[in-house]
Structures are given as C-alpha cells and as structure tokens.
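*Asks:* When you get a sec, could you give me coordinates for this:
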Amino acid sequence: MLDCNYEGTNQVIGISEDRWNLQIPFALGLCCALLVGFQVPARSQTPDYQVHGDQCKTLIEQGKPEQAASECREAIRLNPRYPQAHSRLCAIYDNQWKLDEAITECRTAIQLDPNYPAAHYNLGLALKREGDLDAAITEYKKAISLRPEHAEAHNNLASALLAKGDAAGAMTEAREALRLKPDYPEAHYNLALALAGEHDAKGAITQLQIAVQLKPDYPEARMELGIGLAIQGDMNGAIQQFREAIRLRPTYANAHYNLGVAFSSIHQPDQAIAQYRETIRLRPEVPNAYYNLGVVLGDQGHYSEAAGQFREAIRLKPNYSEARFNLAVMLLRQHNLDGAIQELQETLRVTPGYKPAQEFLNKLLDYRRNEQKRIQSPPQQPPPSVYSEELIRLQAWHAALAGTRRTFSQRSGECASRSTYSNGEEGESYSSCMSQTEDEQ
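*Replies:* Here you go, the predicted structure:
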C-alpha cells in the first residue's frame, strides 16, 4: 500500500507557502497519480559499517570495552577503510595495555586519513604508555595542529613534556587546556606538577586543591597534595590526604609509602612500620620501602631485622650507598666490627668517593688498629663514640610522574622536598639531595 503522507517542512517545489492550503488536494492527487508510474526514491540509510562504528563509540562511553571492540571489529570487517573504527579500536587496546595492537590500529587510521586528529591523539596516548615520549609528543602536536581546541591533547602534551623534564613547556600546555576547559581536574593536576617543577610550591598546592575540589575521587591529586602540604609543614593535612588517597585506592603503594614517611616525621614508628610493610606487600620491588623500614626498625633497636631490610634494599639496588652505610651501622651495633668494615669497603667499591662511608671507615680502622696494638686481638665491642654512629636518613617522597624532579622548597636543608618522579620505584635520598643542592648553588 502506497503511503503518500508528507513528512518534512511545508516547502513544496513549485508551490509557494501562501498557496499551500489551497493546493493540498491537487498536490495529493498528483502525488498518488505520479506514484503509479514513478518510483519514490528510497530514503537514505546509514551504512551497516557505520552503525557498528557508532555502536562501538556508544559502548566505549558506557564503559563496555569488550563489546565495543567487537562492534569496531565488525565495522572494520564490513569496511576496512573506515578510519574511525580503527581509531576507536586503538583507544580500546590502549586502555587494555595492548600497546602493539593499539599502535597498529591508530597508524592504520592515520594512513587512511592523515588529517584525522583523534587518531593522532590516540596514537600519542599509546606511544606515551609504551615509553616513546618523543613520538607521543609529535602525535599530540599533530592532533593540536589539526584541532587547536582539543583540550585533552593539550593536557596530555603537558603530561608528556613533564615526563621529559620540560616544566615550562608543560605549564604552557596545561594553561591552554584550562583556557579551553576551565573545569578540567587533570589539567589542574598537570599544571600543579609543572608549577612544582618551577619551584612554585604554593601555586602547585592551589592547583591540586582545585583538582580535588573538582574531582574528589582523584587519588593521584590527593597524594601529590599530601606531599606539598607535608613539605610546607602541614603534616596533619598531608596525612589526611594520603589516607584519602588510600581510601580511594587501597592498593596505592605510593600513598602507603608517603604515609609511612609522614608518620616517621612525627615520630609514630609503629604506624610508619605498618605503612612501609604494606608498601612492600604491594610493590616488593621498591628498594626505598625496605630502606625506610630498616631505618625505623633500627631506631627501635631491632638491629638484626633492620639489617635484613637494608640487605634487601641492596639486593634490589646494588649501588644503594646509603643502605650499605646503614647496614654497616647495624652490623656494628651487633658488635660485628669486621663485618661493618667490610660493608663500608664494599660501599666505597660501588660508590667511590662516598664521603660518609670513607669517614666512618677511617674511624673504624683507626679504632681497630689502636685496639690491636693494645691487646693484640680484635675488640669485642666498639666504644660509645663509634657505636653511636647515626643512621643516614632517607626523607624522599614518592610522587607520580616518571622523569620529572621538582623542588617544593627553596631551602637546601629541606631535602625531603626533592623527589624523583618514578612511579614509586625510587625516591631521592637525603645525602644525594644535599650533594646536588650544593652543586647547584
């Protein structure tokens, strides 16, 4: 049965709007008459491949990556030259850490459409995760050149520049992202890291406070805010932020580590020990967690267990001179003078010119020579002046972003303010921090 119902606007070819009502009977009759001899053009339909591609996009937005990937693959099967499906599949694979597949799909999309900004952006994300920062930066810049208003591309370019140590460049990109999208918590976060890299601690803290206000469930921003507050002397505020980060992400090893450092700073050893042990449970490959645990245990008189923690730190990081020094201190406190001397000698072998070890070794060798001259036998217990050698402290904070060092405080004495962004793998020791501070002055 033919349907002659009119759909659309009230503009008909050849019939002016003011005559429309008068012409309806004629027009309908003509329509039905003509349909007898003429075929009505079929209404255009969305191609099947595009239907699957659109469904892929919808499922991505709904957080259903497996179903989305299936739709994208079906779209590609129907039309292998559909760049949007390749780019979306790239984004799915990137979030699943299937980086080789992601990069292949994005490059296919770009080959099909070199001026497709989303494909360049998604390729940048995958390359950054793979660790190829230079290539990622190139792709982000290409995406921005094709779509200058792409706030996410500016923000991720800022993140990549931070990882390269370019705090000034990162600051420019983060500010541009915020100009385009003011309520963008991730851009406030990256701007905070850039400001910290430029020694603007107060500015960094302000941006982090804005980030957590916009996005209260932002554990990375809360952890960084905790670091900033701690270095500014607000340890209670820092502890609150670290605890909130852990509440949001119980397996957040960096936050547990930093909470341990905070408890150490306010002389709560039991709570510090608990946080370091949890850090080690979550990230057994982090040498600084063993080191700091050893320091606290040593202070509590658990010399043997502390020595074990320092040994584990050294196993993970053989050139860890501070851990070797502290192991020597623990051996000495267990009346093992020869063992302490051997450990200090080994420290100097792996770290030539390490001043604390050389001075301590000279002190122990002098003591042993004097004792051997006096009684011609090894001493059983060192005198108090040797026995009370202090442990070298580690006051590094673990932060989030690989490759960027930042200073929250201008004062060289506050070397806890120096941190190496390393995804929790390593912080910066106090003595190393101090030596670098002296070199920079």
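
*Asks:* need the strands for the stretch 101-250 of the chain, in chain order.
*Replies:* Counting by DSSP state E, counting those that start in this stretch, the stretch 101-250 of the chain forms no strands at all.

*Asks:* can you map out the helices along it?
*Replies:* Secondary structure of the stretch 101-250 of the chain, counting by DSSP state H, counting those that start in this stretch: helices at 117-130, 133-146, 151-163, 167-180, 185-197, 201-214, 219-231, 235-248.

*Asks:* any chance of these in TSV, plus mean neighbour count and distance to residue 298?
*Replies:* Where C-beta positions appear, they are placed from N, C-alpha and C, glycine not excepted. Formatted as TSV, the helices of the stretch 101-250 of the chain follow (neighbours: other CB atoms under 10 Å; distance: least, CB to CB, whole Å):
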stretch	mean neighbour count	distance to residue 298
helix 117-130	24	39
helix 133-146	20	39
helix 151-163	25	35
helix 167-180	20	37
helix 185-197	27	31
helix 201-214	20	31
helix 219-231	27	22
helix 235-248	20	22
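
*Asks:* a markdown table for those, including distance to residue 101 and mean pLDDT?
*Replies:* Formatted as a markdown table, those follow (distance: least, CB to CB, whole Å; pLDDT from 0 to 100):
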| stretch | distance to residue 101 | mean pLDDT |
| --- | --- | --- |
| helix 117-130 | 9 | 96 |
| helix 133-146 | 17 | 97 |
| helix 151-163 | 20 | 97 |
| helix 167-180 | 28 | 97 |
| helix 185-197 | 25 | 96 |
| helix 201-214 | 32 | 97 |
| helix 219-231 | 26 | 95 |
| helix 235-248 | 30 | 97 |
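
*Asks:* Would you mind saying which of those lies nearest residue 314?
*Replies:* Taking CB to CB, helix 219-231 is the member of the helices of the stretch 101-250 of the chain nearest to residue 314, at 26.3 Å.

*Asks:* and that closest one with helix 201-214, angle?
*Replies:* Relative orientation of helix 219-231 and helix 201-214, computed by axes from the mean of the first three to the mean of the last three CA atoms, to 10 degrees: 140 degrees.

*Asks:* Listing request: residues of the stretch 251-400 of the chain with sub-threshold pLDDT.
*Replies:* Applying pLDDT under 70 to the stretch 251-400 of the chain flags the ranges 373-400.

*Asks:* Please, where are all the strands along the stretch 301-441 of the chain?
*Replies:* Assigned by DSSP E, counting those that start in this stretch, the strands in the stretch 301-441 of the chain fall at 405-407, 418-420.

*Asks:* circling back to that earlier point, can I get the helices of the stretch 101-250 of the chain in CSV with distance to residue 355?
*Replies:* As requested, the helices of the stretch 101-250 of the chain are exported to CSV (distance: least, CB to CB, whole Å):
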stretch, distance to residue 355
helix 117-130, 39
helix 133-146, 35
helix 151-163, 32
helix 167-180, 31
helix 185-197, 29
helix 201-214, 30
helix 219-231, 26
helix 235-248, 30
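
*Asks:* Relative to residue 148, how far out is residue 174?
*Replies:* Applying CB to CB, to the nearest Å, the value for residue 174 to residue 148 is 16 Å.

*Asks:* Report the buried residues of the helix or strand hosting residue 59.
*Replies:* Using DSSP states H and E, residue 59 maps to helix 48-61. Residues of helix 48-61 classed as buried: 49-50, 52-57, 59-60 (neighbour count, 16 or more other CB atoms under 10 Å).

*Asks:* Run through who's touching it.
*Replies:* Contacts with helix 48-61, where a contact means CB atoms under 8 Å, 6 or more residues apart in numbering, come from 46, 65, 67-69, 71-72, 74-76, 78-79, 82, 84-85, 88-89, 91-92.

*Asks:* Just these: which are in helices?
*Replies:* Residues of the contacts of helix 48-61 located in helices (DSSP state H): 65, 67-69, 71-72, 74-76, 78, 84-85, 88-89, 91-92.

*Asks:* just curious, which of those is nearest to residue 348?
*Replies:* Set against residue 348, the nearest of the ones in helices among the contacts of helix 48-61 by CB to CB is residue 91 (51.7 Å).

*Asks:* what sits against the closest residue to residue 272 other than its chain neighbours?
*Replies:* Using CB to CB, 6 or more residues apart in numbering and skipping residues adjacent in sequence, the residue nearest residue 272 is residue 263, 3.8 Å away. By CB under 8 Å, 6+ apart, the contact set of residue 263 is 239, 269, 271-272, 275.

*Asks:* Give me the buried entries from those residues.
*Replies:* Buried members of the contacts of residue 263, scored by 16+ other CB under 10 Å, are 239, 271-272, 275.

*Asks:* Pipe the residues you listed into TSV and attach secondary structure and distance to residue 153 per row.
*Replies:* Listed next are these as TSV, based on DSSP: H, G, I helix; E, B strand; the rest coil; distance: CB to CB, whole Å:
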residue	secondary structure	distance to residue 153
239	helix	36
271	helix	43
272	helix	42
275	helix	38
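
*Asks:* For those residues, could you give me JSON lines that also reports distance to residue 123?
*Replies:* Output for those, formatted as JSON lines (distance: CB to CB, whole Å):
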{"residue": "239", "distance to residue 123": "41"}
{"residue": "271", "distance to residue 123": "45"}
{"residue": "272", "distance to residue 123": "44"}
{"residue": "275", "distance to residue 123": "39"}
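
*Asks:* among those residues, which two are most distant?
*Replies:* Farthest-apart pair in the buried ones among the contacts of residue 263 is 239 and 272; separation 11.2 Å (CB to CB).

*Asks:* picking that back up, tell me how far the residue nearest to residue 272 lies from residue 303.
*Replies:* 21 Å.
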